[in-house]
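Trainee: Predicted model, plus sequence, below.
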Amino acid sequence: MDALSDVLRLVRLGGAVYLNGDFTAPWCLYGQANAALCGSFLPPAERIVSYHLITEGGCWAALPDDPESAIYVAAGELLVVPQGEAHLLGSSLDITPGPTGELLESQLRNSPGQLMALRYGGGGERTRLVCGFLACDDTLSNPVLSALPRIFKVDMRNDPQSAWLESSLRFAAAEAAEWRVGSAIVLARLSELLFVEAVRRCIDALPSDRKGWLAGVGDRFVGRALALMHAQPAHGWTVDELARKAGLSRSALAQRFTQLLGQPPMQYLAHWRLQIAAQELRGGTKSLAAVADQVGYESEAAFNRAFKREFGMPPAGWRRSRGEMAGVSAAAVAAAGGVDGAFDERGA
């Protein structure tokens, strides 16, 4: 398995579509997928990735605290907010965002877990979009999600290899407009697929001097080393063996890997093994000894020491705490009863 697929597999993406928007200029909205909204569609999650698929027209988008982040998103483009941060959408971002939270709250209360429809604006040029989110685990700092820009767009149309994407976008627009039996699961799975494709295209578009995990995955030699470690994380890798299989000298791979990812190969591998272990402890039933063996530790004692250094507590305690937190999160979402911030006034 390649490194990107392995990382996305570990965070257990779960998609949901919550809004079919039909807006006419002038309009501006303030959006954020919060816990109450997401909890109506999927189990509680540690991280929310917001996205908007523009199916007709176009709009501006930006992060409220960063005017330089403003970008225009046209039909056929996917807007992604990887950290699930609050963001502005509108025909113009100079307009005071509209107070639409009460409309969404009423729909969510009357039809929880169902696609909501929102029509808003001044009657001018039309923009239609499908809004959704991806809920995922974030054991510490997932290398993919943390490496992505805070807000970005991807053109899903103008590419010789994108015929399937164009047909998928047309299909998504039709599903959102007609809303037939099974539309929720169809759009949810499609959103997961579009997000993975958006990450792939983000990697392809990186400048040659860019550093970070995404750049490492896209590098011919470092990407090969990452793929090897992710394919067999429990293997007793050495830099010499990785270098030989990647086609570089030991020193060249170590230098290239560290320059791109900010840490040497063995440090990265140790961190990734513990991420896998944490994921197994979160939802699995294996003994600590079995988990230690699964991720390449020869003794449970060594695993306990490494895990405590990484997470601040031994694995048994961490497993108990995550179970308790899951119960608290579920109760909090059930009690929240509202979607303040899903699309609402700025600062509300």
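Mentor: Looks like it arrived, so ask away. Not measured: the values here are computed from a predicted model. Residues are numbered from 1 along each chain as shown.
Trainee: So residue 191, which state does it fall into?
Mentor: Under DSSP: H, G, I helix; E, B strand; the rest coil, the three-state class of residue 191 is helix.
Trainee: Break down the stretch 151-300 of the chain into its strands, ranges please.
Mentor: Taking DSSP state E, counting those that start in this stretch as the criterion, the stretch 151-300 of the chain carries its strands at 152-155.
Trainee: Please enumerate the helices of it.
Mentor: 163-178, 183-204, 213-218, 220-231, 239-246, 250-261, 265-283, 288-294, 300-311 (DSSP state H, counting those that start in this stretch).
Trainee: between those, which gets nearest to residue 13?
Mentor: helix 183-204 (5.2 Å; C-beta to C-beta). Backbone N, C-alpha and C define where each C-beta goes, glycine included.
Trainee: Next, the buried residues of that closest one.
Mentor: Neighbour-count burial for helix 183-204 flags 183-184, 186-188, 190-192, 194-199, 201-203 (criterion: 16 or more other C-beta atoms under 10 Å).
Trainee: so where is the stretch 101-250 of the chain shaky, pLDDT-wise?
Mentor: 101-103, 112-113, 137-141, 158-163, 165-166, 169-170, 172-173, 175-177, 179 (pLDDT under 70).
Trainee: and residue 301, how many neighbours?
Mentor: 10 (other C-beta atoms under 10 Å).
Trainee: For it, give its distance to residue 307.
Mentor: According to C-beta to C-beta, to the nearest Å, residue 301 and residue 307 sit 11 Å apart.
Trainee: what's the answer for residue 273, then?
Mentor: For residue 273 relative to residue 307 (C-beta to C-beta), the value is 10 Å.
Trainee: ok, which stretches of the stretch 1-150 of the chain are helices?
Mentor: Using DSSP H, counting those that start in this stretch, helices in the stretch 1-150 of the chain cover 3-11, 35-39, 101-110, 143-147.
Trainee: who's in contact with residue 66?
Mentor: residue 150 (C-beta atoms under 8 Å, 6 or more residues apart in numbering).
Trainee: Test of understanding: give the bridge partners of it.
Mentor: Here residue 66 sits in beta bridges with residue 63, as judged by DSSP bridges.
Trainee: start the count at 5, not 1, going forward
Mentor: Let's use 5 as the start, then, which means that last one is residue 70.
Trainee: Just the pLDDT at it, thanks.
Mentor: pLDDT, residue 70: 94.
Trainee: ends of stretch 82-94, how far apart?
Mentor: For stretch 82-94, the first and last residues are 15 Å from each other (C-alpha to C-alpha, to the nearest Å).
Trainee: And it, what's buried?
Mentor: 82-94.
Trainee: any idea how far the residue nearest the centre of the chain is from residue 93?
Mentor: By C-alpha atoms, centre = their mean, the chain has its centre lying nearest to residue 53, at 4.4 Å. Residue 53 sits 16 Å away from residue 93, going by C-beta to C-beta.
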